Each structure stands twice: as structure tokens, then as C-alpha cells.
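Participant: Next input, structure requested:
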Amino acid sequence: MNKIEDLKNKLQQIAVRISSTTDIGDQLALKRQKYNLKLELLDCISQKEIRAGISARELRSKFLLKEKAPIYATGIEALDNELDGGFEQGSFIQLAGASFVGKTHLLLDILSNIAEFNKCVFFNFEMGEKRIVNRLERLLTKDEQWDNLIVDSDSRNLKDLVMEISLYAEDGIKFFMIDSKMKLYVDNMSDDHKQFSFISKELSRLAQQKDIIILFINQMSEDDLKNKRLAFKGSGDQQYDSDISLFYVLDEKTKERTLICNKNRTLNEKLFMLPLVLDHNGKTKGKNTYSRVPVMTEYQSTEVEIPDIF
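Facilitator: Down below sits the predicted model:
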């Protein structure tokens, strides 16, 4: 018997003795013993937790037995290949790029593919009803998609948004898209940078807590675009909060779009640059051939040039 179990047994025995004696002096002495044993037990447990390391072999066995997070295919084959099947459940994914580069279309395309098999929610804070219906007419081609895609345009307050996502998650919905950060606000917080950091932190926490996937449209500043730097507008902890950071950039000369992943802390961990095109139906797909190239981030040496893809 180890020391912790021995102390637990002694505490049980003292508890029995306390309840069976009527002598006040004996009860007081036993209670002091009980108090000292509790302190000793807590100290043993604390020491055990501090030394809770396990061997690498045990760690590997524990990992192999752990249930893997479910993965949702995006429906864009080239992207799913890079992600080893799709987005992991419990992920907070941010997508940024210049205005009018096609961020909303890309994520709506993914959402329409998800909606063929699963219910999902699109928080639309950027478009009017006529415009969003026109877009969906091109992307939703099956009855299941029209029924499974929920469009919610009610509240742009972060507190209300978190509550709505939580309620949808309780109904079993796992996939959410928010368009966009620039339309959200936080009560009693006027500083934009603080708001941006707080929003990403709360949504990241929510994705993990509710075990859901949140796709979040972000922005890039004019200065970052000019200097070809991959960073979210307002910076702060937004990059840190993301499980996957994606940037959608347009080559002004060739008009080709490239999806760049410069952070990926899911099981896959791949970083990539993926040229994307639209087919005649407006659906996103990868080019027939593309090469994997290094991904440049704002944290790398300024001596290393970012590929000229803007």
C-alpha cells in the first residue's frame, strides 16, 4: 500500500473513532490528528502531482489510445489534401486578406460543402439579404444544403454572439463561420487593438470549450499589405489564439489567388501555399499542379524575402 492510500485509511479510522466517542477531550485530540493527517495527505498529493512525469514510451501509448478529434472535409480537394482530410473539431481558424480578394466566397464555398452533410451556421454581418441569397444560389445546389445552412444576422455584440454559438453547439452543430471581425464590437471597450485581441481570445476559448470549428474572417492592414507581411490587422495575440492562420492573397499581375497557411497547430502541423482558382460554376478548386514552397511570416528574419505573390 502506498503512503497516500495509507493516509486515507487512517483518516477513515479516525472519523469512525470521533463518531463513536463522547469524551470531549478525546474528540478534540482525534480532530487534531485528523487535521494533521489531512495536511500530510495534501502534501503527498501535491508532491505526486509535481512529479507526475511519465516515460516517453508511456506517453506514446497514452497518445495512441487517445480518441482523435473528428475531422470535417472542406470539400476543396487540394485543401483537404494539405490538411490530411480537413479541419479538426475544436479548432479556431482565422482567414485574412485584402478587401475584395474573395475571403467570404472561399469560406462560403467551404460552408456549402459542409452543409451537404451537416448543419452549420453562417453569421452574416457584411451583406444584405438580397446579396447573400444571390451568392447562395450559386453555391447551394441541393435541398440538404438549403436546409442545413443557418444564416444568422442578428447581433454584432461579441457577448451575444458567444451566447448564440453556445446555444447552437448545444443543439449539436459543430461548424460556424463569422463574417467578419470588423463588424463585431465588445461592450465598454473602445480601443480597437484591445477589442481585436479580446475577440480572438474569446472565440478561440469557445472553439476549444465547445469542441466546435469556428471560421473567422479577419483583415490585413494597408501597411502589412504594402510590405508583404502576413499579419492580422491589429496584431496583438490574434496569431497566438489561432489554431490555423490562413491568408488569401491576389497577384495583381496574373490575377491568381493563393491560400497561405503560416500557422497550423492541429495534429497535421503542415504549412503550405496553395494556388486556387474558380471553375465555371464558381466553385473553388486547386490548380492542377503546384509546388510546396517555404512560408514566410512576420516573425522570421527580415533578410528572408516573402515570395512576390501579392
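Participant: Lowest-scoring secondary structure element of the chain by mean pLDDT?
Facilitator: Within the chain, judged by mean pLDDT, DSSP states H and E, the helix or strand with the poorest mean is helix 24-50; its value is a mean of 74.
Participant: which residues in the stretch 51-200 of the chain form helices?
Facilitator: According to DSSP state H, counting those that start in this stretch, the stretch 51-200 of the chain carries its helices in the segments 56-65, 77-82, 103-114, 129-139, 143-148, 158-170, 192-210.
Participant: out of these, deepest packed?
Facilitator: Burial of the helices of the stretch 51-200 of the chain is given as mean neighbour count (mean count of other C-beta atoms under 10 Å); helix 103-114 ranks first at a mean of 23. Where you see a C-beta, it was placed from the backbone N, CA and C, and this is true even at glycine.
Participant: show me where pLDDT drops low in the stretch 151-300 of the chain?
Facilitator: Applying pLDDT under 70 to the stretch 151-300 of the chain flags the ranges 288-300.
Participant: got TSV for the helices of the stretch 51-200 of the chain, with distance to residue 251 too?
Facilitator: As requested, the helices of the stretch 51-200 of the chain are exported to TSV (distance: least, C-beta to C-beta, whole Å):
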stretch	distance to residue 251
helix 56-65	41
helix 77-82	17
helix 103-114	16
helix 129-139	24
helix 143-148	31
helix 158-170	34
helix 192-210	27
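Participant: Of all these, which one comes closest to residue 281?
Facilitator: For residue 281, the closest of the helices of the stretch 51-200 of the chain is helix 129-139, at 7.1 Å, according to C-beta to C-beta.
Participant: can you give me the strands in the stretch 151-300 of the chain?
Facilitator: For the stretch 151-300 of the chain, the strands defined by DSSP state E, counting those that start in this stretch occupy 175-179, 213-217, 244-250, 257-264, 272-278, 284-286.
Participant: can you tell me which residue is nearest the centre of this protein?
Facilitator: Centroid check for the chain by C-alpha atoms, centre = their mean gives residue 92 as the closest residue, at 1.7 Å.
Participant: So in terms of bridging, what pairs with it?
Facilitator: Taking DSSP bridges as the rule, residue 92 bridges to residue 214.
Participant: so how far is residue 190 from it?
Facilitator: Applying C-beta to C-beta, to the nearest Å, the value for residue 92 to residue 190 is 25 Å.
Participant: how about the residue nearest to the centre of the chain, what does it touch?
Facilitator: By C-beta atoms under 8 Å, 6 or more residues apart in numbering, the contact set of residue 92 is 200, 203-204, 206-208, 214, 216, 241-244.
Participant: do residue 184 as well
Facilitator: Contacts of residue 184 by C-beta under 8 Å, 6+ apart are 125, 156-158, 161, 178, 195, 199.
Participant: now, among those residues, which is nearest to residue 30?
Facilitator: Distances from residue 30 to the contacts of residue 184, taken by C-beta to C-beta, are shortest for residue 158, at 54.5 Å.
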